[in-house]
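Undergrad: Coordinates for the following, if possible.
(2 chains)
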Amino acid sequence: MNTFEIFWKYRQAFISGLLVSLELAVWVWIIGLVIGTILGIIAARLRKSIGRIVSVSGAVVTAIPALVLLFWLHYPLQAALQVVINPFYTAVAALAIVNVFGVAVIVKASVIDFPSQYLIAAKVCGLSNRVTVMKIVVPLIVRQMLPGLLLLEVTMLQATLFASLISVDEIFRVAQRINAIVYRPIQIYSALAFLFICVCLPMNALAHWLGAKFSILTSDQ
Amino acid sequence: MLVGKKVEKVFDKFKALDEIDIEIQPGTAMALIGPSGAGKSTLIRALSLIDPPTRGEIDIDGVIYRYPSIKGDRPPIPWPRITVVFQQLFLWPHLTLRENIELPISQIGIQDCWDRAKELIELFELKDYLSRLPYQASIGQRQRVAIVRALALRPKYLLLDEVTSALDVEQVSRLVECINRLRNEGSGVVIVTHLLGFARLVADYFMFIDRGQCVEKARITTLDNPVQERVREFVSFV
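TA: Numbering: from 1, shown residues only, chains lettered A, B, ... in the order given. Below you'll find the model as predicted:
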């Protein structure tokens, strides 16, 4: 059986695994983007207190492999607390922690590095704070952050593969199961790679395109 | 009247402005001249309260801003009653040239400002470029947009920091026309420039600044025969 035949034969399993992976990723993205953005803005405003805590925590959390974090949350922590949590939610929690700090660091840097000249221009033109934030600050910061955030979220999507370690039926675990039946690892993992390329490549390309577009926008200012 | 009293600006230990006194009457224009790094732009930023003085007093039509400011003291916001066109222009890069001009006017919402903007766009021949983003426009076009953006707001005091660097002779003469009109309408204008010819055309007075200090302050006609040796030396090079 070639890659396509395997993919076609087990398409339902692959698709259900991919859906679990995407559901996991969507949860991680939403939690990370919402809490990370709020944390990043607070960290930028309170640079000396919360800002430092976020920077140090971000450096520590991103230094810990996601796999280890997942293992800690699933086994020792749950044993210590004497609770049993659905592995899917454990995976969401572990990956969301990494994403929250990743997003917070990007947001904090973008807010701090926001070019003051645009605020000065807004001031002397008499723009109110609300208009300055809505029409100048937010659109520019979003443009600046978007490439970095997209690349981070692609990485988070790829990190969902680690959830197979704690028995979440995401795509990697599905692929392992199929491999246990047909034993065609090269074809099966190639099919897996193909699915990830379909999802991640456009996101990576979009991130690079947006990055280039933003740097052109501000190149001559 | 726009008045700066004993305006001092210190960056770390460097005194960029040293007790400068300046007065701009409504309907008059003053040219700030002097060598590069003398403190002309710093004075503009201090007068406009964008980068307030370390010590001293700025009086805008009777509203006094004292520095160092007293904690809890919240004097009214002076912009765009007093506005600035900066040398670096500071156009918002994600907005088209049209949006750069229209956003501040839409905030004020005075019909007169819209009419003025339309008129200025025609005058500075910007109509064909308004859909461009700043990076797609030439430096001269961007400079004209920054000028139109400020002039359309009908400021009571307009501070211009080296705004003629990328304008051709024709555009400079149009700017002179606009400044003169603004003066006739009762606005006060401060112009930082290295072009003494331009200063002679638009200004009533000049102030020569060197190393953060006012060396000479007089009517613009005196520029042909300055009192101070340093000013005479500077003028002879231009």
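
Undergrad: Against chain A, how distant is the spatially most central residue of chain B?
TA: Nearest residue to the geometric centre of chain B (Cα atoms, centre = their mean): B:Leu159, 1.7 Å. Between B:Leu159 and chain A the computed distance is 9 Å (Cβ to the nearest Cβ, to the nearest Å). C-beta: built from backbone N, CA, C; applies to glycine.

Undergrad: Can you name every helix or strand that the helix or strand where that residue lies contacts?
TA: Using DSSP states H and E, B:Leu159 sits in strand B:157-161. Taking 3 or more Cβ pairs under 8 Å, 6 or more residues apart in numbering or on different chains; DSSP states H and E as contact, the helices and strands that strand B:157-161 lies on are helix B:40-47, strand B:82-85, helix B:139-151, helix B:169-184, strand B:188-192.

Undergrad: what does it contact?
TA: Residues from elsewhere that reach strand B:157-161 (Cβ atoms under 8 Å, 6 or more residues apart in numbering or on different chains): B:2, B:24, B:40-41, B:44, B:47-48, B:60, B:81-87, B:147, B:150-151, B:179, B:182, B:187-193.

Undergrad: For chain A, which residues are neighbours of chain B?
TA: Taking Cβ under 8 Å from any Cβ of the partner chain as the contact definition, chain A meets chain B at A:117-118, A:120-128, A:131, A:135-136, A:139-140, A:143, A:216-221.

Undergrad: Can you turn the buried part of those into a ChimeraX selection?
TA: The buried residues among the residues of chain A next to chain B can be selected in ChimeraX (16 or more other Cβ atoms under 10 Å in any protein chain shown) with this line:
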select /A:118,120,121,122,123,124,125,126,127,131,135,136,140,143,217,218,220,221
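
Undergrad: and residue 96, how many neighbours does it have?
TA: With no chain named, the answer covers chain A. 22 (other Cβ atoms under 10 Å in any protein chain shown).

Undergrad: Chain B is the one I meant
TA: B:Thr96 sits with 19 neighbouring residues when counted by other Cβ under 10 Å.

Undergrad: That one and B:Phe237, how far apart?
TA: Between B:Thr96 and B:Phe237 the computed distance is 41 Å (Cβ to Cβ, to the nearest Å).

Undergrad: same thing with B:His94?
TA: Per Cβ to Cβ, B:His94 is found 42 Å from B:Phe237.

Undergrad: Of the two, which one has the most company?
TA: Shown here are B:His94 and B:Phe237; by other Cβ under 10 Å, B:His94 has more neighbours (19 against 6).

Undergrad: which bits of chain B sit near chain A?
TA: So far as Cβ under 8 Å from any Cβ goes, chain B lies against chain A at B:48, B:50, B:77, B:79-84, B:86, B:88-95, B:103-104, B:107-108, B:133-135, B:139, B:149-150, B:153.

Undergrad: my guess is A:Thr90 contacts A:Pro76, does it?
TA: No. Counting by Cβ atoms under 8 Å, A:Thr90 does not reach A:Pro76; the two are 11.9 Å apart.

Undergrad: higher neighbour count, these two?
TA: Between A:Thr90 and A:Pro76, A:Thr90 has the larger neighbour count (other Cβ under 10 Å), namely 23 against 10.

Undergrad: Fine, thanks again, bye for now.
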